[in-house]
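Enquirer: here is my input; please provide its structure:
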Amino acid sequence: MDDKTIPGAQTLFRGLAVIEAVAAGARTLASIGGAIGCTRSTTQRLASALLQAGYLRNDPGRGYVLGPKLIQFGFQAREQMPLAAIARPHLEALAARTEDTVHLGIPEGSEVLYLDKLPGQRGLEMRSRVGHRMPIALTGVGKALMLDMDAAEWRRLYDVGLHHPGSRGTPLPWPEYRARMEGYRAAGATIDLAENEIGIHCVAAPVRDAGGGIVAAISVASAAPYMSEARMQSLVPDVIAAARAVSRELGWKVGTTGQDAA
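Expert: Predicted structure coming up:
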């Protein structure tokens, strides 16, 4: 069944498209209408209904922004996702040991979706946030999600990442990138040397499920002065251990299909 055979579906999908447009940065009726392909009058009716229901908010200084109902649903959705609940104690333990920012990410096509984030204790803040997406091939946590892929898929995602609007770092040339990915696969952990965000380094490792497949990744990140290459190498065992602990709770065992280093 498509949206033409389900009563009211077209209006529903248009309303959802309005929310997605606002989430992507559309702030005026004109920009929202342009994004969803509707007339100003139709866009205004949809936006008014969403404002009334609390899904949007009209900020006098900024225009249309996501409303309190979506914030509420966002927290509820995260709490209802078993992976986030299972991983949280292990993320907290890792954050306490390192005093750095800890992330949990999952794959979303050519991007990594940040499912959880624990800020570090060094007075730093990076632009990652829960619900944020970054190019999977250029982040440490994203590269950990790619460890089981072949070189052709690495190259495809690498090329996509180079043109991703969210990338603000310094990607490695492809030959060096591929060589490093081969080394990361052997080590069971990845490193990001400001490839996605200038001045930010991180170490990451994959989380596996009962079948051995990579379903998520954990990273520890901080500003470069706190994350020398020597310190990153010293953190690899801790990050792998945290990822393995989450993997075991998902049913993974050493020797299951996939790399033994979870």
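Enquirer: only C-alpha atoms for contact and neighbour calcs from this point on.
Expert: OK.
Enquirer: which residues does the lowest-mean-pLDDT helix or strand in the chain contact?
Expert: In the chain, no helix or strand scores lower on mean pLDDT, DSSP states H and E than helix 68-80, which sits at a mean of 76. Counting contacts by CA atoms under 8 Å, 6 or more residues apart in numbering, the residues outside helix 68-80 that touch it are 53-57, 84-85, 115.
Enquirer: now the strands: where do they sit in the stretch 51-200 of the chain?
Expert: 56-59, 63-66, 101-108, 111-118, 133-135, 190-193, 200-208 (DSSP state E, counting those that start in this stretch).
Enquirer: just the pLDDT for the residue of the chain positioned farthest from its centre.
Expert: Residue farthest from the centre of the chain, counting by CA atoms, centre = their mean, is Ser41 at 35.3 Å. Looking at Ser41, its pLDDT reads 94.
Enquirer: now do the SS call for it.
Expert: helix (DSSP: H, G, I helix; E, B strand; the rest coil).
Enquirer: same question for the one 5 residues further on.
Expert: Taken by three-state DSSP, the conformation at Leu46 corresponds to helix.
Enquirer: and the residue nearest to it when sequence neighbours are not counted, its phi and psi?
Expert: Nearest residue to Leu46, sequence neighbours excluded (CA to CA, 6 or more residues apart in numbering): Gly15, at 5.9 Å. When read as degrees, to the nearest 10, the backbone of Gly15 gives phi -60, psi -40.
Enquirer: ok, Gly15 to Arg231 distance?
Expert: 48 Å (CA to CA, to the nearest Å).
Enquirer: ok, Asn58 next?
Expert: Taking CA to CA, one finds Asn58 at 46 Å from Arg231.
Enquirer: among the two, which residue is more densely surrounded?
Expert: A direct count of neighbours by other CA atoms under 10 Å for Asn58 and Arg231 places Asn58 higher, at 16 against 11.
Enquirer: any low-confidence regions in this structure?
Expert: Within the chain, the stretches with pLDDT under 70 are 1-7, 78-81, 123-125, 127, 166-169, 256-262.
Enquirer: the contacts of helix 68-80 into CSV, with extra columns for neighbour count and distance to Leu46?
Expert: Shown next, in CSV, are those (neighbours: other CA atoms under 10 Å; distance: CA to CA, whole Å):
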residue, neighbour count, distance to Leu46
Ala53, 13, 11
Gly54, 15, 12
Tyr55, 22, 11
Leu56, 23, 10
Arg57, 20, 13
Ala84, 18, 33
Ala85, 13, 35
Leu115, 20, 29
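Enquirer: okay, now Leu70: neighbour count?
Expert: So Leu70, with other CA under 10 Å, has 14 neighbours.
Enquirer: apologies, that question was intended for Ala221.
Expert: When neighbours are counted by other CA under 10 Å, Ala221 registers 27.
Enquirer: which one is it nearest to, not counting chain neighbours?
Expert: Cys202 (4.1 Å).
Enquirer: which strand residues bridge that neighbour?
Expert: On the basis of DSSP bridges, Cys202 is bridged to Asp192, Ala221.
Enquirer: so it makes contact with Ser222?
Expert: Yes - using CA atoms under 8 Å, Cys202 is in contact with Ser222, at 6.4 Å.
Enquirer: of the two, who's got more company?
Expert: Shown here are Cys202 and Ser222; by other CA under 10 Å, Cys202 has more neighbours (28 against 25).
Enquirer: what sits up against stretch 18-37?
Expert: Contacts of stretch 18-37 (CA under 8 Å, 6+ apart): 14, 17, 39-40, 43-44, 46-47, 55-56, 62-66.
Enquirer: still on that earlier bit, quick check: angle from the least confident helix or strand of the chain to strand 111-118?
Expert: Relative orientation of helix 68-80 versus strand 111-118 (axes from the mean of the first three to the mean of the last three CA atoms, to 10 degrees): 80 degrees.
Enquirer: CA atoms only for helix 68-80 - export them in PDB, please.
Expert: Extracted in PDB, the C-alpha atoms of helix 68-80 (Å, rounded to 0.1, in the frame of the first residue of the first chain):
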ATOM      1  CA  PRO A  68       8.900  20.000  23.200                       C
ATOM      2  CA  LYS A  69       6.800  16.900  22.100                       C
ATOM      3  CA  LEU A  70       9.700  15.800  19.900                       C
ATOM      4  CA  ILE A  71      12.300  16.300  22.700                       C
ATOM      5  CA  GLN A  72      10.100  14.200  24.900                       C
ATOM      6  CA  PHE A  73       9.800  11.500  22.300                       C
ATOM      7  CA  GLY A  74      13.500  11.600  21.500                       C
ATOM      8  CA  PHE A  75      14.400  10.800  25.100                       C
ATOM      9  CA  GLN A  76      11.800   8.100  25.300                       C
ATOM     10  CA  ALA A  77      13.000   6.500  22.000                       C
ATOM     11  CA  ARG A  78      16.600   6.400  23.300                       C
ATOM     12  CA  GLU A  79      15.500   4.800  26.600                       C
ATOM     13  CA  GLN A  80      13.400   2.200  24.800                       C
END
